[in-house]
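A.B. asks: Sequence first, predicted coordinates after that:
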Amino acid sequence: MNRFKRLAVIIFILEILLTIAANFFLIREINNTSGKLYRVEAGRVIRDYMAGGEINLEDYETIVAVHEYDPSAIVNNDYVVFEHEGQIYQVEYQVARDYKAVIYMDIGFGLLLIVSGIVFIYVDSKILKPFNKMSNVSVELARGNLSAGIKEDKNKYFGKFMWGIDMLRENLENNREKELSLQKEKKTLILSISHDIKTPLSAIKLYTKAMRDGLYDTSEKQLEALDGISRNVSDIEKYVSEIVAASKEDFLNLSVTNGEFYSDEVLAKINVLYKEKFGALHTEFNMNAYPKYLLKGDADRLEEVLQNMLENAIKYGDGKRVDISFDEEEDCLLIAVRNSGCTLPEAEVPHLFESFYRGSNSEKAKGSGLGLYICKSLLRMMDGDCYARVDGDVFEVVAVVRKV
């Protein structure tokens, strides 16, 4: 039994105990009130009777009869006896107890129990169970188990989120399969090229050994040997170029879905997201009034590019100020992100967009050296570009996006 079910059982028990206690105290109060009334009226009847006054039983709520006491008589009512002038009298009474309040209270507590049960069942089935499913899937994803899928659920609270988690799992699984396939292809290619390299290397060894042993005793033979060495060196250079080209393939499998979108929609999302984030970091954040242009490209990918640029500003700036400004150049929109506190030498700027390159100012900042590489790659896929520059202690990255 999980904690929620234990809590539900405890609350049910407390509600039942509260109902029992309320019934006990309310019934006791009703009995005490009724008992006081009949004792008061019995005392009045006795006083009136002893005073010789006329007794009208209709004036009393609980008294039903007053007569001489007969021990042998069968009496169906409760009674009290009193003595007057040597004669013993009997006062019969009936206590009218009104338990309507108890009934209404029990109905209320019963409804409370029913409502509590419905709420607990609803929370357990519609919120906690889906949440537990998501928790289990997140643990499996963290362990690297990408085959554990999530059953489709139309839950209005977590349905879309569960669908997103499952899509994330599928994407991770597909990416892992692609990565394994790519690694296999690269390994096969490198092994094949390595094997091909052995042939020209062996030929070069033979040429050099023959020259060292003086087998080429004429200048013509020596020139032929040098030409052979040169040809084999050229072959080796070709194979090395193929290895380098293979290593520079798009290992991130970046892709865009080009279309048309308005710039203000993307920039509004960025403004909302980072205004709060920079506020929490106590960094001054300024964003000019963003223009509304119809742009060419992928809105989601542009948002990713701007996020990378801003995260770069957070990571490598001094945390004092970050600005976003806009400009136009021919048929392009320029989006510039500037941060203060730049210590990067200007000579390193051209290398910032190379994969895995990290500047000399990145010693204390964690990173992979892929942020700006991804920005430039995505923007070029959208027929745009990305460049950077250093102006004193200000670092600026500019995204170039095509207008329609």
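C.D. replies: Good, I have the coordinates.
A.B. asks: need the strands for the stretch 301-404 of the chain, in chain order.
C.D. replies: 321-329, 332-340, 385-391, 394-402 (DSSP state E, counting those that start in this stretch).
A.B. asks: okay, and for the stretch 201-350 of the chain, where does confidence drop off?
C.D. replies: Along the stretch 201-350 of the chain, the parts satisfying pLDDT under 70 run over 244-253.
A.B. asks: just the helices in it please.
C.D. replies: For the stretch 201-350 of the chain, applying DSSP state H, counting those that start in this stretch gives helices covering 219-247, 263-280, 299-316.
A.B. asks: ok so, going back, out of the strands of the stretch 301-404 of the chain, which gets nearest to Ala299?
C.D. replies: strand 394-402 (10.4 Å; C-beta to C-beta). (C-beta placed from N, C-alpha, C; glycine too.)
A.B. asks: Can I get the closest one in PDB, CA atoms only?
C.D. replies: Only the C-alpha atoms of strand 394-402 are listed here, as PDB (Å, rounded to 0.1, in the frame of the first residue of the first chain):
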ATOM      1  CA  VAL A 394      31.600  43.300 -25.400                       C
ATOM      2  CA  PHE A 395      31.000  40.000 -27.300                       C
ATOM      3  CA  GLU A 396      28.400  40.000 -30.000                       C
ATOM      4  CA  VAL A 397      26.800  37.000 -31.900                       C
ATOM      5  CA  VAL A 398      24.600  37.900 -34.900                       C
ATOM      6  CA  ALA A 399      22.000  35.500 -36.400                       C
ATOM      7  CA  VAL A 400      21.100  36.300 -40.100                       C
ATOM      8  CA  VAL A 401      17.600  35.100 -41.100                       C
ATOM      9  CA  ARG A 402      16.100  35.400 -44.500                       C
END
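A.B. asks: among the helices of the stretch 201-350 of the chain, which is nearest Leu333?
C.D. replies: Using C-beta to C-beta, those put helix 263-280 closest to Leu333, at 6.1 Å.
A.B. asks: Tell me which other helices or strands the closest one touches.
C.D. replies: Judged by 3 or more C-beta pairs under 8 Å, 6 or more residues apart in numbering; DSSP states H and E, helix 263-280 is in contact with strand 284-287, helix 299-316.
A.B. asks: And the contacts of that helix?
C.D. replies: Defining contact as C-beta atoms under 8 Å, 6 or more residues apart in numbering, one finds that helix 263-280 is touched by 284-285, 287, 290-295, 299, 302-303, 306-307, 310, 314, 322, 324, 333, 335, 401.
A.B. asks: Can you check what angle separates that helix from strand 321-329?
C.D. replies: 160 degrees (axes from the mean of the first three to the mean of the last three C-alpha atoms, to 10 degrees).
A.B. asks: Please point out which parts of helix 263-280 sit buried.
C.D. replies: Residues of helix 263-280 classed as buried by neighbour count (16 or more other C-beta atoms under 10 Å): Ser263, Val266, Leu267, Ile270, Tyr274, Phe278.
A.B. asks: how near is the third one to Ala399?
C.D. replies: In this structure, Leu267 and Ala399 are separated by 11 Å, where distance is defined by C-beta to C-beta, to the nearest Å.
A.B. asks: if I look at these two, which residues touch both of them?
C.D. replies: Contacts common to Leu267 and Ala399, judged by C-beta under 8 Å, 6+ apart, are Leu306, Ile335.
A.B. asks: if we can go back for a sec, export the helices and strands packed on helix 263-280 as JSON lines, with columns for distance to Val102 and mean neighbour count.
C.D. replies: Output for these, formatted as JSON lines (distance: least, C-beta to C-beta, whole Å; neighbours: other C-beta atoms under 10 Å):
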{"stretch": "strand 284-287", "distance to Val102": "65", "mean neighbour count": "15"}
{"stretch": "helix 299-316", "distance to Val102": "65", "mean neighbour count": "20"}
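A.B. asks: need those in CSV with distance to Phe356, can you?
C.D. replies: Below are the helices and strands packed on helix 263-280 laid out as CSV (distance: least, C-beta to C-beta, whole Å):
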stretch, distance to Phe356
strand 284-287, 29
helix 299-316, 15
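A.B. asks: Ok, which of the ones you listed comes nearest Thr188?
C.D. replies: helix 299-316 (31.4 Å).
A.B. asks: Looking at the helices of the stretch 201-350 of the chain, which is nearest to Leu112?
C.D. replies: So among these, helix 263-280 is nearest, using C-beta to C-beta, at 41.5 Å.
A.B. asks: okay, the closest one in CSV with CA atoms only?
C.D. replies: Taking Å, rounded to 0.1, in the frame of the first residue of the first chain, the C-alpha atoms of helix 263-280 are listed here in CSV:
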residue,chain,number,x,y,z
SER,A,263,9.5,36.9,-36.3
ASP,A,264,7.6,38.4,-33.4
GLU,A,265,6.1,35.0,-32.4
VAL,A,266,9.6,33.5,-31.8
LEU,A,267,11.0,36.6,-30.2
ALA,A,268,8.0,37.0,-27.8
LYS,A,269,8.7,33.4,-26.5
ILE,A,270,12.4,34.2,-26.1
ASN,A,271,11.6,37.5,-24.2
VAL,A,272,9.2,35.8,-21.8
LEU,A,273,11.6,32.9,-21.1
TYR,A,274,14.8,34.9,-20.6
LYS,A,275,13.3,38.0,-18.9
GLU,A,276,12.5,35.8,-15.9
LYS,A,277,15.7,33.8,-16.1
PHE,A,278,17.9,36.9,-16.2
GLY,A,279,15.9,38.4,-13.4
ALA,A,280,16.7,35.5,-11.2
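A.B. asks: Check the offset of stretch 190-202 from the chain's centre.
C.D. replies: 51 Å (C-alpha atoms, centre = their mean, to the nearest Å).
A.B. asks: buried residues in that stretch?
C.D. replies: Result for stretch 190-202 [16+ other C-beta under 10 Å]: buried residues Ile193, Ile197, Pro200.
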